[in-house]
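Colleague: build me a model from this:
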Amino acid sequence: MSTIAGNDAAPTALPVATEQDGTYPRPQLLRPAWADLDGTWSFRNDGDDPAWRSGFPDARDITVPFPPESVASGIDEPGFHPVVWYSRRLTRADLTAAGYSPEQPRLVLHFGAVDHRARVWIDGQFVGEHEGGHTPFAFDVTEVLTADPDAEHTVVVRAEDDPHDLTQPRGKQDWHEEPHAIWYRRTTGIWQTVWLEAVPTVSIAALRWTNVDHATLRLSVRLAGTRPGGERLRVAAWWGDEHLATVESTLGDVARSSAIDTEFDVVVPIARQTNGQAEDELVWTPETPRLVDATVTLLDAGGAATDAVASYFGVRTTTVGQGAFLLNGHSYDVRSVLNQGYWPDSHLAAPSREALRREVELIKELGFNAARNHQKVEDPRFLWWADKLGLLVWGEMPGAYTFSPTAVQRLVREWMDAVERDASHPSIVTWVPANESWGVQHIADDPAQQAYARALADVARALDPTRPVISNDGWEHPASDILSVHDYEGDGTVLARTYADDVARTALLRGMGPADRQILVGGAVDEGQPVMLTEFGGVNYQPGV
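Modeller: I've put the predicted structure just below:
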């Protein structure tokens, strides 16, 4: 991987984010070093012996990040796994690989995704827990690991995943022991990369790029650690060899004595984009997936760089207008696949990092320019390849299967985390919090379920007002920017006639749609939104047939 150095790059050489190889598990916030903890772990199925928190005998080997139901894990037990345990040794070599040093004395343990509830111990000491099977989490584990950094330490993870709990956001994981109809085998426990990272005492913990317009971006930076005060942020951006911008911003004394995270916004103007005749040279599209490199450097009160990360962004806008989907202000024809994201031998987990790139390549080679990642919050490295190779992505939340206060709380919380995780990716152009009324089966006439679906859409708009939101993909829309329709009519002539012109559109929106479902519910009206056929047909490709 290439590196950049110098005053704008910061304390040590940083990777060039747009030249990464798809290995780094957090593609838009890169550091020079990290320790990949995937591979062989010890595994126990079920049980709740407290002694297991510091290690356990008679365990089997499992290959992380593959779930125990899968062949790739080495366990290959597709039945129910309500509770599973994992264990792995951490050595001084792992700390060194993570970049642990006097300049980077804090250690953060990251989990890409663990389905559904995870509790973590190190050497028998509880370090944290997380609920939600599709989004990342991390714990600062400095004190427990550095009490004796040369010793071996034991990480233990307990994962709970009740196969019958329909309030859990589960996507297309079957609640029956054997998969049936359109559902797939389950994914329990760890299914995305586990990794260790060393950071400074005050560190850059998260970045969020927002396209204000084609000439201005806003970068939101979250810091972790106790700030002494007087810090500045320096943001520098390049497109290839062309320097686009360098901006410095002094951070106020907000929470200067607090150990909690603090957030700051930096406006990054791209001067070259003020030339309207040349602005298309830089914008991102599937046909021209141009990415801009950036470095973000934290400076102390004396001007010395104390932390730095590499990142990238794409310059593009996405919205709707005049009954069309607009990319960079122009009507754009979306040719999309419904990407299930399930793999025969590894289930939700990709079989390899290379497979994520190949998935994007295959979609494009088939002539498509978009994918709806169906009922899955996909591995961030898939989104990296979508950004790099040029593929529009609709980000969809895995659904729960019932409506209750618990289901609402769980899904809203995890939906917010999913939007926050992926909002910087230029490939993401639409948010889809619900599909085909899953979890809101009575939305047509239940005001509470209508309010819930509207709330999910509005949460996405509040967190990210720059993208269209579909409140319930397929039908029964209470608050959608795009009126998406699922129609599995087998006669092509009938299908074409249903969506032929404005007269057909009016009949569709005012009457009963496919599957005897209304398209608009809860007082929603036709405001000229685009009508898009987002599921139809169904083609099965079988190699060699």
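
Colleague: any low-confidence regions in the stretch 1-150 of the chain?
Modeller: 1-12, 47-55 (pLDDT under 70).

Colleague: so this protein: which segments form each domain?
Modeller: As assigned by automatic domain parsing, the chain contains the domains 3-18+202-313, 32-198, 318-535.

Colleague: how close does L291 sit to Y86?
Modeller: 35 Å (C-beta to C-beta, to the nearest Å). (C-beta placed from N, C-alpha, C; glycine too.)

Colleague: more crowded one of those two?
Modeller: Neighbours per residue (other C-beta atoms under 10 Å) separate L291 from Y86, with Y86 holding more: 25 against 21.

Colleague: list the residues that contact L217.
Modeller: 209-211, 267-268, 270, 313, 315 (C-beta atoms under 8 Å, 6 or more residues apart in numbering).

Colleague: mind running it again at 7 Å?
Modeller: By C-beta atoms under 7 Å, 6 or more residues apart in numbering, the contact set of L217 is 209-211, 268, 270, 313.

Colleague: same check, this time on R158
Modeller: 83, 85, 119.

Colleague: burial measure for the last one, as a count.
Modeller: Spelled out, that is R119. R119 has 18 nearby residues by other C-beta under 10 Å.

Colleague: for the stretch 1-150 of the chain, what spans make up the strands?
Modeller: Assigned by DSSP state E, counting those that start in this stretch, the stretch 1-150 of the chain shows strands spanning 3-4, 14-15, 35-36, 39-45, 60-64, 83-90, 106-111, 114-115, 117-122, 125-131, 137-140.

Colleague: which residues are in contact with the third one?
Modeller: Put plainly, it is strand 35-36. Outside strand 35-36, the residues that reach it (C-beta under 7 Å, 6+ apart) are 94, 97-98, 193, 195-196.

Colleague: okay, the residues you listed in JSON lines with distance to K388 next?
Modeller: JSON lines is the format used below for these (distance: C-beta to C-beta, whole Å):
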{"residue": "D94", "distance to K388": "29"}
{"residue": "A97", "distance to K388": "25"}
{"residue": "A98", "distance to K388": "26"}
{"residue": "T193", "distance to K388": "19"}
{"residue": "W195", "distance to K388": "21"}
{"residue": "L196", "distance to K388": "26"}
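
Colleague: for G367, which non-adjacent residue is spatially closest?
Modeller: R335 (6.7 Å; C-beta to C-beta, 6 or more residues apart in numbering).

Colleague: surely that neighbour and L366 touch.
Modeller: No. Using C-beta atoms under 7 Å, R335 is not in contact with L366, being 9.3 Å away.

Colleague: rewinding a little: which one, of the strands of the stretch 1-150 of the chain, ends up nearest to L391?
Modeller: Closest to L391 of these is strand 14-15 (C-beta to C-beta; 22.7 Å).

Colleague: on that earlier part again, going by distance to K172, which of the contacts of strand 35-36 wins?
Modeller: T193 (22.1 Å).

Colleague: on that earlier part again, can I get the domains of the chain in CSV with distance to Q542?
Modeller: As requested, the domains of the chain are arranged in CSV below (distance: least, C-beta to C-beta, whole Å):
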stretch, distance to Q542
domain 3-18+202-313, 28
domain 32-198, 18
domain 318-535, 13
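
Colleague: and P25, which of the ones you listed is closest to it?
Modeller: So among the domains of the chain, domain 32-198 is nearest, using C-beta to C-beta, at 4.3 Å.

Colleague: now the strands: where do they sit in the stretch 251-400 of the chain?
Modeller: 262-269, 292-299, 305-313, 318-321, 324-327, 330-331, 336-339, 370-373, 392-396.

Colleague: now do the helices in this protein.
Modeller: 92-97, 142-146, 353-365, 380-389, 405-422, 447-463, 492-498, 502-510 (DSSP state H).

Colleague: check those helices for me and report the most buried one.
Modeller: helix 380-389 (a mean of 24; mean count of other C-beta atoms under 10 Å).

Colleague: what lies in contact with it?
Modeller: 22, 25-27, 289, 291, 314, 353, 356-357, 359-361, 364, 393, 422, 425-428.

Colleague: weakest of the domains of the chain in terms of mean pLDDT?
Modeller: Mean pLDDT per stretch puts domain 3-18+202-313 lowest among the domains of the chain, at a mean of 85.

Colleague: what's the neighbour count on Q28?
Modeller: 25.

Colleague: state the distance from the nearest residue to E69 once chain neighbours are set aside to P68.
Modeller: Spatial nearest neighbour of E69, chain neighbours left out: P78 (4.7 Å); criterion: C-beta to C-beta, 6+ apart. Distance, P78 to P68, by C-beta to C-beta: 9 Å.

Colleague: the more surrounded of the two?
Modeller: When neighbours are counted by other C-beta under 10 Å, P68 comes out ahead of the other of P78 and P68, with 25 against 17.

Colleague: hang on, that one packs against G79?
Modeller: No. Taking contacts as C-beta under 7 Å, P68 lies outside contact range of G79: 9.5 Å.

Colleague: need the contact list for W175.
Modeller: Per C-beta under 7 Å, 6+ apart, neighbours of W175: 163-164, 166.

Colleague: 8 Å instead?
Modeller: 163-164, 166, 183, 401.

Colleague: what residues sit buried inside the longest strand seen in the chain?
Modeller: Longest strand in the chain by number of residues (criterion: DSSP state E): strand 203-213. Across strand 203-213, burial judged by 16 or more other C-beta atoms under 10 Å covers 203-211.
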